[in-house]
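S.K.: below is the structure, and that's it, no one-letter string:
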């Protein structure tokens, strides 16, 4: 049985204006943004939309364009603008094109991936060259994970690195009952990372997106059930079961993310949530959750090429209200943005 396969429906990146590529002479920093925009559908029915986003429920092209304008106006307030924008819960490549056209400074590369029959997928737009796009999906018995992992190579003069764009399975149906699905996604990423590093040991990898898991999910569940994300310091809780790393990603707050408690060959990613960020990016039943992530491999801490700088939560207006809570989008009123807050990460040339 195959644990993962390539999806055939990955859509190619688009060079919107040939010869007009955005190539700064000496770029010193890159800013990446990841955001679950919460069910961003276009104005046309194709049979897979959620009920409230069907024309029969009052959804329309006008409401869609209004939402695009609001989202792009909010993103356009960032200084500087993100060079790479990673989005979850979008319906199609056309939406990425509309966002690209509405933002300044030319996002000439875009890629999108979803699973057959899925209502939403994941996507990326970029002012920096993207190549080698692939989508991977995990197979569990006769079923595939609901959303693929979209992989792209970011090409820069300072060196290439890889992005793994994710929207893992939600906890609907029960946190523990759905955990195997998320662990399968983690296993897929670990296997793909090993393949990349066999050919390009110096290539950095960034995992980005909504993983539907808190960085400390393991301890939140009493440290008695394996999760797809395990903090390095929780290794002692796994020792008795003698579980080897195959379907969970080890997180570290250290720079570089070298495992301290796990064995030295453990694949470990840096998580800004451990020591750098406070509160969360998603408010659930009045409690903050840290389910949106940038996870960064050790190659971004080696004083060569691109280096990790910092990550921030965008917790300011218009993304939050007067109470500091996310301004969720309400289809009936056409107001709001998302129940998730964006994360912004900066990397720079050392």
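M.R.: It's in. Small disclaimer: the values here were computed from a predicted structure and weren't measured.

S.K.: residues near the nearest residue to residue 302 once chain neighbours are set aside, how many?
M.R.: In space, not counting the residues next to it along the chain, residue 302 is nearest to residue 256; the distance is 6.9 Å by Cβ to Cβ, 6 or more residues apart in numbering. C-beta: built from backbone N, CA, C; applies to glycine. Residues within reach of residue 256, counting by other Cβ atoms under 10 Å, total 16.

S.K.: element containing residue 256, please.
M.R.: For residue 256, there is no helix or strand it lies in under DSSP states H and E.

S.K.: same question for residue 96.
M.R.: helix 93-102.

S.K.: avg pLDDT for stretch 52-62?
M.R.: Mean pLDDT, computed over stretch 52-62, is 91.

S.K.: so which other helices or strands are in contact with the helix holding residue 96?
M.R.: Where contact means 3 or more Cβ pairs under 8 Å, 6 or more residues apart in numbering; DSSP states H and E, helix 93-102 is packed against helix 61-75, strand 84-90, strand 109-113, strand 121-126.

S.K.: which of the ones you listed sits closest to residue 307?
M.R.: With Cβ to Cβ as the criterion, residue 307 lies closest to strand 84-90 of those, at 16.1 Å.

S.K.: show me what the closest one is packed up against.
M.R.: Where contact means 3+ Cβ pairs under 8 Å, 6+ apart, strand 84-90 is packed against strand 29-40, helix 93-102, strand 121-126, strand 161-167, strand 204-210.

S.K.: can you convert the ones you listed into TSV and add a column each for mean neighbour count?
M.R.: Shown next, in TSV, are the helices and strands packed on strand 84-90 (neighbours: other Cβ atoms under 10 Å):
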stretch	mean neighbour count
strand 29-40	22
helix 93-102	19
strand 121-126	26
strand 161-167	25
strand 204-210	25
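
S.K.: tell me how far the closest residue to residue 49 other than its chain neighbours lies from residue 168.
M.R.: Closest residue to residue 49 apart from its sequence neighbours, by Cβ to Cβ, 6+ apart: residue 41 at 5.3 Å. Distance of residue 41 to residue 168, given as Cβ to Cβ, to the nearest Å: 21 Å.

S.K.: low-confidence ranges, the chain, go.
M.R.: Across the chain, the ranges flagged by pLDDT under 70 are 1-27, 140-144, 239-242.

S.K.: the longest helix in it is where?
M.R.: helix 179-199 (DSSP state H).

S.K.: that helix vs strand 161-167, what angle?
M.R.: Here the directions of helix 179-199 and strand 161-167 differ by 170 degrees (axes from the mean of the first three to the mean of the last three Cα atoms, to 10 degrees).

S.K.: pretty sure residue 105 contacts residue 127?
M.R.: Yes: with contact defined as Cβ atoms under 8 Å, residue 105 counts as touching residue 127 (6.3 Å).

S.K.: who has more neighbours, these two?
M.R.: Neighbour comparison, residue 105 and residue 127: the larger count goes to residue 127, with 23 against 11 (by other Cβ under 10 Å).

S.K.: circling back to that earlier point, out of the helices and strands packed on strand 84-90, nearest to residue 132?
M.R.: It's strand 161-167; of the helices and strands packed on strand 84-90, that one is closest to residue 132 (Cβ to Cβ) at 8.4 Å.

S.K.: can you give the contact residues for the closest one?
M.R.: With Cβ atoms under 8 Å, 6 or more residues apart in numbering as the test, strand 161-167 has contacts from 32, 36, 84, 86, 88-89, 113, 121-124, 147, 149-154, 185, 189, 192-193, 196, 203-212, 299-300, 305-306.

S.K.: rerun at 6 Å
M.R.: With contacts defined as Cβ atoms under 6 Å, 6 or more residues apart in numbering, strand 161-167 is touched by 86, 88, 122, 124, 147, 149-154, 189, 204-211.
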